[in-house]
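1. Pasted the sequence and its predicted model underneath.
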Amino acid sequence: MSSSTVTMGQKKITGSLRGYLILLFLVVLSWGIFKVLTPNNFGSFNNMLSYFQASLIASVGAVGFYFVMVMGMFDFSIGANIMLSAIVGCVFATKFGLGYIGLVLGALLCGCLVGLFNGSFYVKLRIPSMIVTTGLALIYEAVANYIAGGVEQTLPADLRMFGQMPGDIVLAVAAFIVAYVFLNYTKIGTYTYAIGSNEFVAKNMGINVNKYKVLAFILSGGFLGIMAVLTISYGSSMVAVTGMASMSRNFVPTMGCFFGIAFKKYGIPLQAIIIGEFIINIIFFGFIALGAPTAIQDVITGFALLIIITVTSKIKKGEIVK
Amino acid sequence: MSEIRLQVNNLCKSFGITKAVQNVSFTINKGEVHALIGENGSGKSTLTNMLTGIYSIDSGTFVLDGEEIHPKNQVDANDHGVSIIVQELGTLSGLTVAENIFLGHEDRFVKFGIKNTKQMIKEANELLERYGFDRIKAQRMIDDYNFEDRKLVEIVKATYFDPKIVVIDETTTALSQEGRNELYKVMDRIRESGNTIIFISHDLQEVLERSDTITILRDGVYIDTVKSKDVTEEDLKRLMVGREVTGDYYRSDYGSVISDEVVLSVKDVSVPGLLSNLNFELHKGEILGFGGLSESGMHEVGKAIFGASYDREGTVKLADGTEINDIPTAIRHSIAYTSKDRDNESVVLNQSIMDNICLPSLDELSDKRHMLHDKKLRSFADKFAKEMSVKMVNVDQFVSDLSGGNKQKVVLARWIGKDSDIVVLDSPTRGIDIKVKQDIYQLMDRMRKDGKSIIMISEELMELIGMCDRIIIMKDGMISGQIERHETLDENNLITMMV
């Protein structure tokens, strides 16, 4: 008996190597295009390092969000969570005088709490996660605004270790390791994929589906909390916006997560998220180097990312995409 | 006297107003293969689903080795020593083979919250080797394997922990002969170890050969328990249906002249990796059979004709010259298709019987302003559901609530309603009881006589021999032989062309 239903006998390079090669090609391609267009002020080694450093911020949030997305759920409150967690962390660090511990723990716990709310409301109300998280995002924005007292929250220079090398790298790498361990070496990882594959069968296998859905939101929230630490440390301050303005922060982590979903079949989802965010940043900084107007930047970035995901996903013909 | 393993006491289960299992009581002994038979909708799967925690019990009890059990889910049932191999696919995509085998039982590999993946893979590979399935690698994704290999993984998953009772629910129909032999070996091992198998199958010959005891259910009610050696196939049919099953099971005519009129011609059709250079013609009023081993490419033939194959090359042409390259064109030109994978490719499970039957006929059912009227849809669905004797409360019932055979009847009702001229039936009697099988064979015969043309794809050689005017045998994606209908034709004639 054959071990595959389709084309057999073709020798192929291993899945993960193929995935890495595609990602490497995309990095080189995006770098190459902008290097040709603007050779003097883009793409030096130091430039690339700083693009990578900047991309780590969103990568941390995206690896957490991946747990939610793989289960087939969505979260529109990512931006609100980052904003609220950053403000809570900043308040803990400065107003309560807790320093770095307050910053990290405050943001982390706040992120987890937001995740807990998202997950609990989702499983209790039994309405789509998109709707629940959109509604809750409005509330988180309002809470952030209330805590900030309507003023910009600034992190003093002596508390911004995570906004530069090596602090940011250490924190991000620690987060990646934790995500990798959760995904590959705990039951949560296995159940994440099981629930995403077939919730009904997963339930019949004794998996407490609701519990693991809530856990996925909490995990995601925790990573977004760490992303909030990196964000406020890198940018030095955070403004509590309202009226769903926080949604603009959803885009980059979500796109990184799409890279993870697209490269899941190669067995390197988390690595794809990290490199994917790097590619997004190369494109972003490339446009800045070109001096392109923001509207043009957004249009081309949006198209470029859709093309990359479409090409790399290579959905089988006939496969259902929702 | 044999020791009792399981007592089923006054078991009841209803879905809405449908009484699926009514006050059923019987016992099952240790070290026996106990078959559970009955028509579709007789309550076999509902009963075993309650035993394995998939459904809750309304009333009654299961007593296993003297202790009452109430499994909450499959893992809980496993912990009580009961497991199940289901009819449809029971493995999960996105997980490795090892993760699938130990799903729900990972705790033994977890220390301080961290899973020892290496150990899990090692143990899974050892199990696969012990079962003789070592071509399946535990570290690989389950998605890398085909339906049959995934079923073998399920067999390992359901039996590796030495359960007291293994339920094998209509699994053999999903397997090729090779896969069935693997399953039979596992069944023998379980019986020899003193454990028990509850074996559900519609193949009565297989039931008589493989089981020691047989319990018969009808319409959710217990009918009888008999020893396999004391009964014949005819006895079982009578007990299942409640009357003598008379008349010919298959067609009885031989030597009928097939019309020269070609309604469909298939020329140089290839599908990469699946079909190679396929050429044949289908005539008016003909039943053309396709047989072969499961992976011979025969199942792709149906899809290729219906325009559902991707990357298909070559032409599929109707008598008027219309080329069929996609599904809408096929349906528009009166071609119908029922897939082997009923649940995923033929019925819309979470829609009503009415929606399922009316789906391809909505254009004909809409009024001049393209509006649909509930009354018209209902009467259309009701007419064809009744014509196919679908066991249902009414046409508003969800298809997901129906048994396998009744789902198949809904699929057929849909295409009869559409009045299709060319009907492609892939494994039309898979997992279907004797009565429904007979209904389907009679329906095919009627359609043939009405001038409809049928392509029947089946792994059941006897039904191909019994029903088809011509049989094409596939091997490695190509036609390996063709044989005409004849009284002396037997399975051996076909097997030599298949292997």
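-> Noted; the coordinates are in hand. Residues are numbered from 1 along each chain as shown, chains lettered A, B, ... in the order given.
2. can you give me the helices in the stretch 151-300 of chain B?
-> Secondary structure of the stretch 151-300 of chain B (DSSP state H, counting those that start in this stretch): helices located at B:177-192, B:204-210, B:233-241, B:298-306.
3. Of the ones you listed, which stretch is the most buried?
-> Greatest average neighbour count among those goes to helix B:298-306 (a mean of 25), per mean count of other Cβ atoms under 10 Å in any protein chain shown. For the C-beta atoms, the positions are set from N, CA and C on the backbone; glycine is no exception.
4. Output the below-cut-off pLDDT ranges for chain A.
-> By pLDDT under 70, the low-scoring segments of chain A are A:1-14, A:311-322.
5. from it, which residue is nearest to chain B?
-> residue A:206 (2.9 Å; Cβ to the nearest Cβ).
6. Which of the three states applies to that residue?
-> Using DSSP: H, G, I helix; E, B strand; the rest coil, the structure places residue A:206 in coil.
7. Report how many residues lie close to residue B:455.
-> By other Cβ atoms under 10 Å in any protein chain shown, the residues close to residue B:455 number 26.
8. quick one: low-confidence ranges for the stretch 151-300 of chain B?
-> B:174, B:243-248.
9. show me where chain A has helices.
-> A:15-37, A:45-70, A:78-94, A:99-125, A:129-148, A:167-185, A:187-197, A:199-204, A:209-235, A:251-262, A:269-290, A:294-313 (DSSP state H).
10. Deepest in the core, which of those is it.
-> Comparing these by mean neighbour count (mean count of other Cβ under 10 Å), helix A:78-94 comes out on top with a mean of 29.
11. which helices and strands does it pack with?
-> When contacts are defined as 3 or more Cβ pairs under 8 Å, 6 or more residues apart in numbering or on different chains; DSSP states H and E, helix A:78-94 sits against helix A:45-70, helix A:99-125, helix A:129-148, strand A:153-154, helix A:209-235, strand A:237-238.
12. if I pick the closest residue to chain A within chain B, what's in contact with it?
-> Chain A sits closest to residue B:75 of chain B, with a gap of 2.9 Å, by Cβ to the nearest Cβ. When the contact criterion is Cβ atoms under 8 Å, 6 or more residues apart in numbering or on different chains, the partners of residue B:75 are A:205-206, B:53, B:104-105.
13. between these, which is closest to residue B:482?
-> Using Cβ to Cβ, residue A:205 is the member of those that lies nearest residue B:482, at 45.9 Å.
14. What is the neighbour count of the nearest residue to the closest one once chain neighbours are set aside?
-> Excluding the flanking residues, the one nearest residue A:205 by Cβ to Cβ, 6 or more residues apart in numbering or on different chains is residue B:104, at 4.1 Å. By the measure other Cβ under 10 Å, the count of residues near residue B:104 is 21.
15. Check the one 3 residues further on too.
-> The number of residues packed near residue B:107 is 10, by other Cβ under 10 Å.
16. Also the one 10 residues further on?
-> As a burial measure, residue B:117 scores 18 neighbours (other Cβ under 10 Å).
17. Which secondary structure element is home to the residue of chain B closest to chain A?
-> helix B:74-79 (DSSP states H and E).
18. Tell me which helix or strand comes right after that helix.
-> Sequence order places strand B:82-85 as the next helix or strand after helix B:74-79, per DSSP H and E.
19. about what we covered before: in JSON lines: the helices and strands packed on helix A:78-94, plus distance to chain B.
-> As requested, the helices and strands packed on helix A:78-94 are exported to JSON lines (distance: least, Cβ to the nearest Cβ, whole Å):
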{"stretch": "helix A:45-70", "distance to chain B": "8"}
{"stretch": "helix A:99-125", "distance to chain B": "17"}
{"stretch": "helix A:129-148", "distance to chain B": "19"}
{"stretch": "strand A:153-154", "distance to chain B": "35"}
{"stretch": "helix A:209-235", "distance to chain B": "11"}
{"stretch": "strand A:237-238", "distance to chain B": "33"}
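20. Same list (those) but as JSON lines, adding distance to residue A:32.
-> JSON lines is the format used below for those (distance: least, Cβ to Cβ, whole Å):
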{"stretch": "helix A:45-70", "distance to residue A:32": "12"}
{"stretch": "helix A:99-125", "distance to residue A:32": "37"}
{"stretch": "helix A:129-148", "distance to residue A:32": "37"}
{"stretch": "strand A:153-154", "distance to residue A:32": "39"}
{"stretch": "helix A:209-235", "distance to residue A:32": "27"}
{"stretch": "strand A:237-238", "distance to residue A:32": "35"}
